[in-house]
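Engineer: Return atomic coordinates for the entry below.
(one chain, ligands or ions: 1)
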Amino acid sequence: MTVLLSIQQLSLRFAGREILKQLDFSLAAGEVVSVLGSNGAGKSTLLKSILALHTGADQSGSIRIAGVDLAQSRQQALSQLAYVPEQPAVYGHLSAIENIRYFLSLGSISHTAAIDSCLSMAGLPEQAWHRPCAEYSKGMKQKVMLAFALAKQAKLLLLDEPNSGLDPQATEELNQLIIQCKARGMGVLVVTHDVLSAMAFSDRLLMLANGQLQPVAIDQSSLTLDSLKKLYQGQA
Ligand SMILES: Nc1ncnc2c1ncn2[C@@H]1O[C@H](COP(=O)(O)OP(=O)(O)OP(=O)(O)O)[C@@H](O)[C@H]1O
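Structural biologist: The predicted model follows:
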């Protein structure tokens, strides 16, 4: 089993307030893990730790991405992953192809996949490839970022709230794409409030509460808003 993300004893405080508490976690190649949790539980904070974005925060513990220590070899570690934020960040005046070419040019990425085949796999209609991304819907911009992840040949994919703002058709397409990424051997870590989608594509569901990750089991047949509320409150 190839471990693509290994987090050990990660603790993080903002202004003395502990958000993550000696958190341990690992994710293998070909595995999809979804992290659920109440608003403010620390899910985005966890993603930002993996992205080495907490400059002023008081953080301890270790994070290894595809075996590379993030604190010791930041650029090399980050080159192994791709991140798709809740609001996909693409340049509006550039086309899908131009965006991906530009993003690839920023990193010293030696092995890249053909951009057009990645856009096809991401499911972006070919007639949109050369249009400025300012004309794209949120789902289309997400596909550009996912195609970039494929072109970059990222081993680890981080998705923050990927289904928010997507209609059921776009949600289904995204869920299928996550399953395809898994089939290609990528490790995928998803932060989400969309429990139904998480159940559809995840190998494991975890709840972030009190600064730690705990496995949760959800019975789809008895899924109600009330049962979910109890699960989030730790009463299930
Ligand atoms: N840069 C920061 N400085 C201080 N406090 C912060 C900072 N970023 C986040 N926090 C606090 O850390 C806690 C966790 O925030 P975070 O955004 O990680 O939660 P979340 O689980 O992603 O929430 P949501 O589901 O609402 O997106 C919150 O109390 C938030 O106010």
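Engineer: all contacts plus neighbour counts: C-alpha atoms, from now on.
Structural biologist: Fine.
Engineer: Near the ligand, which residues of the protein? Just list them.
Structural biologist: Residues of the chain found near the ligand, taking C-alpha under 6 Å from any ligand atom as the criterion, are 14, 38, 39, 40, 41, 42, 43, 44, 45.
Engineer: Quick check: the spatially closest residue to the first one that is not a sequence neighbour vs residue 69, distance?
Structural biologist: Counting by C-alpha to C-alpha, 6 or more residues apart in numbering, residue 57 is the residue found nearest to residue 14 once chain neighbours are left out, at 5.8 Å. When distance is defined by C-alpha to C-alpha, to the nearest Å, residue 57 is 19 Å away from residue 69.
Engineer: More neighbours: these two, which one.
Structural biologist: Set residue 57 next to residue 69 and count neighbours by other C-alpha atoms under 10 Å: residue 69 wins out with 16 against 13.
Engineer: now that one, nearest residue through space, not along the chain?
Structural biologist: Once flanking residues are discounted, residue 69 sits nearest to residue 63: 6.1 Å by C-alpha to C-alpha, 6+ apart.
Engineer: Would you mark the buried spots in the helix or strand hosting residue 178?
Structural biologist: According to DSSP states H and E, residue 178 maps onto helix 168-183. Judged by neighbour count (16 or more other C-alpha atoms under 10 Å), helix 168-183 contains these buried residues: 171, 173, 174, 175, 177, 178, 179, 180, 181, 182.
Engineer: Out of those, flag the one nearest to the ligand.
Structural biologist: For the buried residues of helix 168-183, the closest approach to the ligand (C-alpha to the nearest ligand atom) belongs to residue 171, at 18.6 Å.
Engineer: The closest one is in contact with residue 163, isn't it?
Structural biologist: Yes: using C-alpha atoms under 8 Å, residue 171 and residue 163 qualify as a contacting pair, with a distance of 5.8 Å.
Engineer: Now the common contact residues for these two.
Structural biologist: Residues within reach of residue 171 and of residue 163 at once, by C-alpha atoms under 8 Å, 6 or more residues apart in numbering, are residue 197.
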